[in-house]
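Dropping a prediction and its sequence here:
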Amino acid sequence: MIQLVNVSKSYDGIRNAVDGLTLDIRGGEIFGFLGPNGAGKTTTLKLITGLLSLDQGSISINGYDIERSPIEAKRQFAFVPDNPDVFLRLKGIEYLRFIADVYGVGRQEREERVQSLTMRFGINDALNQMIKTYSHGMKQKLILTGALLHDPHAWILDEPMTGLDPASSFQLKQLMREHVDAGKIVLFSTHILEVAEKICDRLCVIDNGKLLFVGSMDELKSRYAEDTSLESLFFRLVNNPEEDAALRGTDWGKDS
Amino acid sequence: MKHYFILMRPLWREMLGSLSQGLGMGGKKKKKKQMSRGASYALYAFLIILLSSYSVLYGYGMTESLKITGNMDGLILLIAAAAPATVLLFGIMQAIPTLYHESNLETLLVLPVKPSSIIAGKMTQAYLPVLLFPFLLFWPALITHGILTARTLDFFLQTIPFMVFVTLAPFVLVIILIMFLMRYTRFARDKDRFQMVTSIFAIFLAVGFSLLINMQSSGGTVPGASLFTPQGSAPALQGALRFVPSSGFGAAMLIHAGTPYTLLNGLAAFLVNLAAFSILLLLAGKLYIPGVLGMRAAGKASRPLSGEETSLALRPRTAYRAIVSRDWKLLLRTPSFFTQTILAATLLPLMMVGVVVLSLVRLAKAGEVDMSFIFFIQSWAASGMWKESAWLLVLIISGTASFFSGTNMMSASAVSRQGSLFSYTKQIPVPVKTQVLAWLTPGLSFMTAVWLILAGALTLALTASLLFGLVIFLVALVNAYLVQITSFYTDMIFPDLDWTNEIRAVKNTRAATVSSLGMFAYIGILVGFAFLVRFLTGGSNLITAWALFLLSGAFAGLATWLVSRRMRRLLHDLDV
């Protein structure tokens, strides 16, 4: 489980980039993180992964607090950033070895995973090349491979579909489903609402650092009593939060 | 022509921007406040005044000393030879990124503008910064020289075309060479490899050229002479200038300012430059844009790994070894990192030892230094006499070790080098202590290896005892460590993680300044401390030697403690 309790963060002149966010993300679910540009999605993911320090609140991953037990907490997840520019002057295989080493993945396990994942993503023939020669999509696939090497409890992805070809995008969605089928978590942010609608078990919408909605697609539809696409509900939520508050009659920023 | 001037507007701004970035100004995103326009201009003015002052000073010094030997034109000939060397060095470093690796190229190529306008714009953008440095470095010296040697007004006016003549043709030569390589070789299209090789080549070339000039001037024959002399004897160009006719004619033009010969030489210099420039424009049309367009096709396909090779390449290591290995690979494969760390740290000791040995041999051969002096040093080390003046040995080795270590930016840039990838450092489940140790390992192990070799070589060359070698090694190690750890600490406090230009991470940080300049202050402290201890102890050799060693050790201990205290909060304090 990933648990956020009353999490807030302000920085670089942005007050309340994340504002009192409380969320429970449970094992066995694909959780989508939605919101317009600058809503605080990436900041929240960076807070969960310890890339940013918290101003207020607490975050725990699989029971480990990211600030109090950072090493144990970091063992529980893998993060795939939105920018796939990793160590460009390492070869693909060197990058994967580095990741396997720092996460302490055993020899047989790493060999098997590297082989099966790189085959699935179709980058096995490029492992001997420097990452700088890779296309955006290939870099993304390499990072995805690295992220799954240690079979993390939580898989956290920031805009993972960007730059992927249709086949790789399909593979990724399958991998996400396989991951949660094993009782683990997939948390990802995206702007592609169709993808979120199709694959997320639950999703949340944030804007200006505040939580606007959290729940399943069905719950969102029932709130508005309208069987329409996520896209139209998303715009109603973001553009007219007062309507949403009136509809649910509950306080904001709390996970239901 | 109209399009050329339109293109030059953004290119000019970009050129100024890259110059500012090179000087450590601007270009920093968020968190750090942008330097105000006024402050930027003030810094520009300061740097210009600083360089010009140096120029005036050596212009004065050289002219006065050359006047004594009756060589009134020596400085002009020297500048005519040194300016092309500077252009060669800066030309390679400036032209490759400007002409081939800047992102704006793709934006320019899709504009409805004639290719010749783009070529002219980019060439101007590459040439002006290359002209600027030699101009600041040499022109004030020439003016000073003119005043001291009471030259005519013509001389002062001709210094401007002189600077253009001696820099343009060599620049053209460099550009043509680069264009050929970029167009027709795969090697050149690998940006990293090409930059690495050309940087090393340029450094060796500049060092070699300086040595050549140095050796020729000390032999009493300043290189270069005019083709058209007042006597009409027209001796061939001499020395290094015989290979650079633009400089030879340019120098002759200046030397004969106020006489008809100046026109002949000036015309010859102009024609040489014009010819060079015409060839450049002619070739650029065929080589430049196709070369730029070919850059994308440069990716080299490598052989896929077999199952066995993959298995071998994935052998497990500890997290510490994994980080050290990653850092070494990035140091070796990133041109900017390599030149500022491994290359600098290898070349400087080699060059210094080489220059000392060469100079001693030359002076001994010329009879300018008594051979008994060399024998004295050897017997001082071999017979154990050094123990009587051990403090001097400790002081010299401390200074040399901190100087060498200061030029090695491995530890000084260990945090900044990571840039935006510091996010990996924060993400991976490896204790910060292990990570810090791994970041420090390349710098420390490199300096250890350098001093192991130097101490061993000195001990063997001077047939000294093992103790002599051990003292040198230990003293050097402590001082080299001190500089590495202090600069690393500075980088922990003031890291630059938002760079987009790799050179900024190793050259333009506060840690780099502390590393490269701080050791001078430290050496000053050591010297002052040594004399204070000698004064207080009535000239005790042993106490002074130990006091110096312990002082270095105490500084090193303090810096280590500061690092260990800071590292506990490093990952928490540095947001990415």
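Looks like it arrived, so ask away.

Please make it C-alpha for all contacts and neighbour counts, starting now.
Noted.

Get me the contact residues on chain B for chain A.
With Cα under 8 Å from any Cα of the partner chain as the criterion, chain B meets chain A at residues B:30-31, B:299, B:301-305, B:310-311, B:313-319, B:322-323, B:326, B:329-330, B:333-334, B:421, B:423, B:426-431, B:572-573, B:575-576.

Which of the residues you listed fall in helices?
Taking DSSP state H, the ones among the residues of chain B next to chain A that sit in helices are B:310-311, B:313, B:319, B:322-323, B:326, B:329-330, B:333, B:423, B:426-427, B:572-573.

Quick check: nearest residue in space to residue 59, chain neighbours excluded?
The chain I'm using is chain A. A:Leu4 (4.6 Å; Cα to Cα, 6 or more residues apart in numbering or on different chains).

actually chain B
B:Ala141 (4.0 Å).

Find the helix or strand that that neighbour is a member of.
For B:Ala141, the element it lies in under DSSP states H and E is helix B:115-148.

Show me what that helix is packed up against.
If you count contacts as 3 or more Cα pairs under 8 Å, 6 or more residues apart in numbering or on different chains; DSSP states H and E, helix B:115-148 packs onto helix B:2-22, helix B:37-68, helix B:74-96, helix B:104-109, helix B:153-184, helix B:260-294.

B:Thr441: which of those helices is closest?
Comparing those against B:Thr441 with Cα to Cα, the closest turns out to be helix B:2-22 (28.1 Å).

three-state assignment of A:Ile206?
For A:Ile206, the assignment made with DSSP: H, G, I helix; E, B strand; the rest coil gives strand.

Can you give me the distance of it to chain B?
22 Å (Cα to the nearest Cα, to the nearest Å).

in the sheet, who's paired with that residue?
A:Leu211 (DSSP bridges).

ok, now which ones touch it?
A:33-36, A:39-41, A:212-213 (Cα atoms under 8 Å, 6 or more residues apart in numbering or on different chains).

Export those residues to a markdown table and append columns for pLDDT, distance to chain B and neighbour count.
Formatted as a markdown table, these follow (pLDDT from 0 to 100; distance: Cα to the nearest Cα, whole Å; neighbours: other Cα atoms under 10 Å in any protein chain shown):
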| residue | pLDDT | distance to chain B | neighbour count |
| --- | --- | --- | --- |
| A:Phe33 | 92 | 20 | 26 |
| A:Leu34 | 91 | 22 | 25 |
| A:Gly35 | 90 | 21 | 26 |
| A:Pro36 | 89 | 21 | 16 |
| A:Ala39 | 87 | 18 | 20 |
| A:Gly40 | 89 | 15 | 24 |
| A:Lys41 | 91 | 15 | 26 |
| A:Leu212 | 88 | 26 | 22 |
| A:Phe213 | 88 | 28 | 26 |
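
Just the ones in helices from those, please.
A:Lys41.

May I see the contacts of A:Ile206 organised as CSV, with distance to B:Gly285 added?
CSV is the format used below for the contacts of A:Ile206 (distance: Cα to Cα, whole Å):
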residue, distance to B:Gly285
A:Phe33, 52
A:Leu34, 51
A:Gly35, 50
A:Pro36, 47
A:Ala39, 49
A:Gly40, 50
A:Lys41, 49
A:Leu212, 59
A:Phe213, 60
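
so B:Met409 makes contact with B:Ala512?
Yes - the pair B:Met409 / B:Ala512 is scored as a contact, 6.6 Å apart, by Cα atoms under 8 Å.

residues shared between the contacts of the two?
B:Val506.

Those two: who's more crowded?
B:Met409 (30 against 27; other Cα atoms under 10 Å in any protein chain shown).

Phi first, then psi, for the more buried one.
phi -90, psi 20 (degrees, to the nearest 10).

what number of residues lie near the residue nearest to it when sequence neighbours are not counted?
Excluding the flanking residues, the one nearest B:Met409 by Cα to Cα, 6+ apart is B:Thr341, at 5.0 Å. A count of nearby residues for B:Thr341, using other Cα under 10 Å, gives 26.

same question, the one 3 residues further on
Other residues lying near B:Ala344 total 18 when counted by other Cα under 10 Å.

B:Arg13 now?
The number of residues near B:Arg13, taken as other Cα under 10 Å, comes to 12.

Relative to A:Ala147, how far out is it?
Distance of B:Arg13 to A:Ala147, computed by Cα to Cα, to the nearest Å: 42 Å.

again, but for B:Ala461
54 Å.

How many residues are close by the residue in the stretch 451-576 of chain B positioned nearest to chain A?
Proximity of the stretch 451-576 of chain B to chain A (Cα to the nearest Cα) peaks at B:Asp575, 5.2 Å away. Residues within reach of B:Asp575, counting by other Cα under 10 Å, total 16.

And for B:Leu305?
B:Leu305 has 17 neighbours, counted by other Cα under 10 Å.

Now for it: which residues touch it?
A:125, A:127-128.

check contacts around B:Ile76.
B:Ile76 sits in contact with B:142, B:251, B:254-255, where contact means Cα under 8 Å, 6+ apart.

An error on my part: the question was meant for A:His191.
Neighbours of A:His191 in contact, by Cα under 8 Å, 6+ apart: A:34-36, A:159.

Identify the farthest-apart pair in these.
Farthest pair in those, by Cα to Cα: A:Pro36 and A:Glu159, 12.5 Å.

What is the host helix or strand of B:Ala449 packed up against?
Taking DSSP H and E as the definition, one finds B:Ala449 inside helix B:432-461. Under the contact definition 3+ Cα pairs under 8 Å, 6+ apart, helix B:432-461 sits against helix B:319-333, helix B:466-493, helix B:541-573.

follow-up on the earlier one: just the ones in strands from the contacts of B:Leu305, please.
Using DSSP state E, no member of the contacts of B:Leu305 falls in strands.

So the residue nearest to the spatial centre of chain A, which state does it fall into?
For chain A, A:Phe188 is the residue whose C-alpha lies nearest the centre (Cα atoms, centre = their mean; 2.6 Å). At A:Phe188, secondary structure determined by three-state DSSP is strand.

and it, what pLDDT?
Per-residue confidence (pLDDT) for A:Phe188: 93.

Next, the contact list for the residue lying closest to it once chain neighbours are set aside, please.
What sits nearest to A:Phe188 in space, not counting adjacent residues and going by Cα to Cα, 6+ apart, is A:Leu157, at 4.5 Å. Neighbour list for A:Leu157: A:79-82, A:186-189 [criterion: Cα under 8 Å, 6+ apart].
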